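**Q** Sequence unavailable; structure follows:
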């Protein structure tokens, strides 16, 4: 017999990493508060002796504490005052606080509730560095903005601003199970659950709340969308008291708590014989459940629901549709202001691979487009960026251009399920920006996805961006220290999708590692090219998959080819790719608006990087680059490894400029990345060489 | 995200089966004692009124109880007497019992200790049906022989015999873990362990002992060869009292108990810093351990050891070899008569798939041949039938022809790890017979493997046949009711390898289902062709593997192709197979004696069914059948499914002739077999069509 665990040449690394802890120098992430530019500091210093604040409540107090903590690294004796002083100072408060001091800022129309302004106001000849919040949350975000500027080395003039979030909802989904495991987690165990209970030491959750507040995340779903037996009970008296304690911690940092729920709860824990959303007993059951939840958590955010998806129960069982299901829940939450977030990740996951007409990519649109306009206004659909499942390269889901009368959230995945599992460096902000900047043409040119998801394009009531978190109880939160950049980047981008990938990367590097030019010049480019590098040595030209089933790591070209998951590449001796055209394929391209549909439909205008997603082509097909498809596969796989090696080499030049522990932890991961990238290269190249017999034009080593 | 379990289109079946229990009509297996031929019974009836037995001890008493139980189905008032009677009767005993009654049978030289004779002796004009054992065990086996004959419908004349076991050791290995799971088990949970303890209700173990005694199994290793943390402690005071209770149960049925041990025990539970077999402290530790074991179990069989194999610890860690390791243990057991059974399943399981020179098939020979003559005489090497790992078709391990000065046991696998996992019907006796009847030519023609493993060819001290059991707490013991035939067949074949596959199948069907001609004419052919059918729709021409990694079920042609397990097919667009020739390949063929080596080396004499095991050939290569390799692949895969369907159809004709519960349970499995066989067919055919572009000559449906 063989030992029973599943192996693909890469488990050793797993063992190596999971057993290794490194001490806390990355625990504070981008909030370590080391000044990196003394010159810049000079511009601020005069304000830093006094912090004036008039309100006294948890969020404001947390803001003040944070500011004190930060300033204590800069000046000796910053004082917090509850009244205005005749001196240069920082004054933080909401609009009414400023008004009461006679400081009329005239921002009522400009500041949204969570927005803030930083201004220098004059008062009796003194300069008041004013952090003006549209609400207490705005104050908190304004304080973090100031801190970010000071420690990021940004001068005062550039720091002054008026900022509002472009997305009202900025939510993290945690795929945490109550046994402490995190589905698709690569950074240790849950910080919320252990041994089927909620943790009783909330200090780490508080640290987490602070981290999230610093990037203006305002919602957290604490349990996995796959709601198992134990988690189903989170909405009962057994666990609500403890959920409420978590909610208390988050609330004080401006964050609402949400729960993933099991659609079959009325049956599984309610003793009913049905979970039919049109059944009066079921409706009542959910109303009672909502009433109970809000009795514990008055500002509870709402439900996240994965229904009729990958074997999860849902309204289909009762002959009802998604609108029936979501609306029933939304009516239960409506009296309390809660929302229902209903995932659109719904597809037939029992496809026969022999059947080439069924196309998983079409599923979300096919399932939800007919329901546009049928959802109540406190229902939001949560739509993954791509039509498949968080691959390293996918087109944007056409659903974003199609739901004109429905609230829609974007769902990204920070945890690197298909993108290197926090062993490989893969800075995901460029991928997310591609999605947000994609033009749906739904209302003519400029109908960007970011305008859909913030609600502005179609005038939706709610808009937002959601992401699946990449944190666990790992010492540095994210397993790979550099993967913190993705958590940071998500928050920044959700706040302002117009920030560039580079701006965010630079901010993060400065705040995390300081302003050393070599570090900046090394790490920022590394982050920016890391996604492309990972793409190069994994699956080519948008085809995706080609990983080991189940755990999704390591090369396996046919891994999903004969499965029931609807994830195929159809490679044979002649060619490869999925024909999704209207003319000869599955017709998926028709789900896009023109001229996008035509662009993808036409092989001459379809972008190279998505060619195999939309077209089945011979290996000899010439790309716009002038290369054949097969040569492109070989070239990118060789190049991807070389570039991964260069990243590692570049990192090595930073020895001494980064704390030893972090340096070593990252280096260890780069070593794994290089080894595993070679495995990917060789398996993929050999697979295609064996299938085609076509040699590499440059005569590099492809194993037979 | 995807749900995390691994799926290949076949899990539904799994769920369906594991939840289904069927009631006990197969619990008694072949010991159900329903008479099937009244006419035959008439020949015996006169003897059945009295059972005369003089000895009074547990084994004899179990034999008598069994006989009473059986006869009670045939005659009204069989009486057990402790003295001879003046009447026709059965008289059972050992040679001395017969002598003391003045019945001189002159069998001293003919009966081995476990042998028996059935004779009609005359005493004072009366006929005495005599069961004469070479020992008490012989008596027990003789009783079961009589029962088998009577209920199998064999007439008296054919029942009379002198029989000795051809193999002294007939042992079952259980891959049971103390948590109750069985590695590669497809018939429920362990009957020995639960929740990391030994079960405290021994009734099922007693029933099992009785079953095994009926087929003359005389040894049982109760725990998995992969000895984990808890199981390491089986040789300590914590668990030995309970192991002894199991041993007591088995002993009364003539069965010795063995344990698998962890070579690193001295370190893991002994507090030593080394497990070096040449270290005096280690030697002493094992001597003490043995002494303790024998204080609990005076007839303890010995140790089974998997060392330096698939990440298990062994002597290599200390720069020692297998002989050093085995001999050290054997010295500890020697004073008590125990043996060390050392597995030769040793190979590099971290091969680089790019390296075509390393050949796993060569490993056992390379590791152990140089040590021939170095093992002490109470060490036995346990050698798997094939050089890889229990595939549906492999050549015979050349090691059998090579170990002239070493005790060698054969290891078969009853549990259907790679042969359908007790969802598919696969009667394995034909496969085992091929192995036993294989001529090694080690000492010229006629040097059959069966003569090697019974010790006769090289004059070894110990000989035997071992198999990995297929039983669990399933109601019918083996999950698939028809898989009982494999357990039965193993015992019969280990006793007498000259029995034919058909004889064994017929015996089993009669004893299990009765003597209905339709049942016999349906089930026996089904059993006999089932292995070939399974082979047809799985991997072709001896290449093996092509299954899903880890669980080893379902088609996955490249499943092991880029792994580290040393299990490759090297299929590319031109050809397939592993070149193991001396001339151009790995040189594996040289491990065989001539003329076997030459036969495999030469592609013209290499048998078709092993062609791809020994040669890499183009798809256009013509087999002896006249077909090309690719056409053979297509043909066998279509035919395998058709034949599986025919088996199912044949089974359906038996409705009403088999108890409904068994009928339904078997039918359910045939349904699964047919569905899954189609999956195999289509995946394998499509894989090769996509790779070669060669069409099926007969135009049958191959999906593109």
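**A** Yes, it's here. What you see is a predicted model; the values in this text were computed from it and never measured. Numbering: from 1, shown residues only, chains lettered A, B, ... in the order given.
**Q** got the contact list for the nearest residue to residue A:592 once chain neighbours are set aside?
**A** Counting by Cβ to Cβ, 6 or more residues apart in numbering or on different chains, residue A:592 lies nearest to residue A:398, which is 4.7 Å off, once chain neighbours are set aside. Yep, even glycine has a C-beta here, placed from its N, CA and C like the rest. Going by Cβ atoms under 8 Å, 6 or more residues apart in numbering or on different chains, residue A:398 touches A:365, A:387, A:440, A:588, A:591, A:592, A:593.
**Q** tell me which element the first one falls in.
**A** I take that to be residue A:365. Using DSSP states H and E, the element containing residue A:365 is helix A:363-368.
**Q** For that helix, name the packing helices and strands.
**A** strand A:379-384 (3 or more Cβ pairs under 8 Å, 6 or more residues apart in numbering or on different chains; DSSP states H and E).
**Q** So which elements touch the strand it packs on?
**A** When contacts are defined as 3+ Cβ pairs under 8 Å, 6+ apart, strand A:379-384 packs onto helix A:322-333, strand A:339-343, helix A:363-368, strand A:407-413.
**Q** Could you tell me the angle between it and helix A:322-333?
**A** 120 degrees (axes from the mean of the first three to the mean of the last three Cα atoms, to 10 degrees).
**Q** Partner strands of strand A:379-384, with direction?
**A** Sheet pairing of strand A:379-384 (DSSP bridges) gives strand A:339-343 (parallel), strand A:407-413 (parallel).
**Q** Now render those as CSV, adding mean pLDDT and mean neighbour count.
**A** Listed next are the strands paired with strand A:379-384 as CSV, based on pLDDT from 0 to 100; neighbours: other Cβ atoms under 10 Å in any protein chain shown:
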stretch, mean pLDDT, mean neighbour count
strand A:339-343, 98, 27
strand A:407-413, 98, 27
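**Q** ranges for the helices of the stretch 151-300 of chain A?
**A** For the stretch 151-300 of chain A, the helices defined by DSSP state H, counting those that start in this stretch cover A:156-159, A:203-214, A:229-232, A:240-251, A:265-268, A:280-296.
**Q** which stretch among these comes nearest chain B?
**A** Closest to chain B of the helices of the stretch 151-300 of chain A is helix A:229-232 (Cβ to the nearest Cβ; 14.6 Å).
**Q** mind listing what's buried in the closest one?
**A** A:230, A:231, A:232 (16 or more other Cβ atoms under 10 Å in any protein chain shown).
**Q** likewise stretch A:104-111?
**A** Quick answer for stretch A:104-111 (16+ other Cβ under 10 Å): A:105, A:107, A:111.
**Q** What distance separates the opening and closing residues of it?
**A** For stretch A:104-111, the first and last residues are 14 Å from each other (Cα to Cα, to the nearest Å).
**Q** re earlier: output the strands paired with strand A:379-384 as a markdown table; include the columns distance to residue A:573.
**A** As requested, those are arranged in a markdown table below (distance: least, Cβ to Cβ, whole Å):
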| stretch | distance to residue A:573 |
| --- | --- |
| strand A:339-343 | 39 |
| strand A:407-413 | 35 |
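**Q** So residue A:125 versus residue A:84, what's the distance?
**A** 13 Å (Cβ to Cβ, to the nearest Å).
**Q** my guess is residue A:236 contacts residue A:270, does it?
**A** No - contact status for residue A:236 versus residue A:270: not in contact, 9.5 Å apart, counting by Cβ atoms under 8 Å.
**Q** Where does pLDDT dip in chain A?
**A** For chain A, the stretches flagged by pLDDT under 70 are A:1-25.
**Q** can you rerun that using 50?
**A** Along chain A, segments meeting pLDDT under 50 span A:1-23.
**Q** for it, which helix is longest?
**A** helix A:660-692 (DSSP state H).
**Q** Show me what counts as buried in that helix.
**A** Those would be A:661-663, A:665-670, A:672-692, for helix A:660-692 by 16+ other Cβ under 10 Å.
**Q** domains of chain A?
**A** Domain assignment for chain A by the TED database gives A:41-163, A:180-499, A:502-578+A:616-703.
**Q** Export these to TSV and append columns for distance to residue B:203.
**A** Formatted as TSV, the domains of chain A follow (distance: least, Cβ to Cβ, whole Å):
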stretch	distance to residue B:203
domain A:41-163	65
domain A:180-499	33
domain A:502-578+A:616-703	40
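**Q** What subset of the contacts of residue A:398 is buried?
**A** For the contacts of residue A:398, a neighbour count by 16+ other Cβ under 10 Å gives the buried set as A:365, A:387, A:440, A:588, A:591, A:592, A:593.
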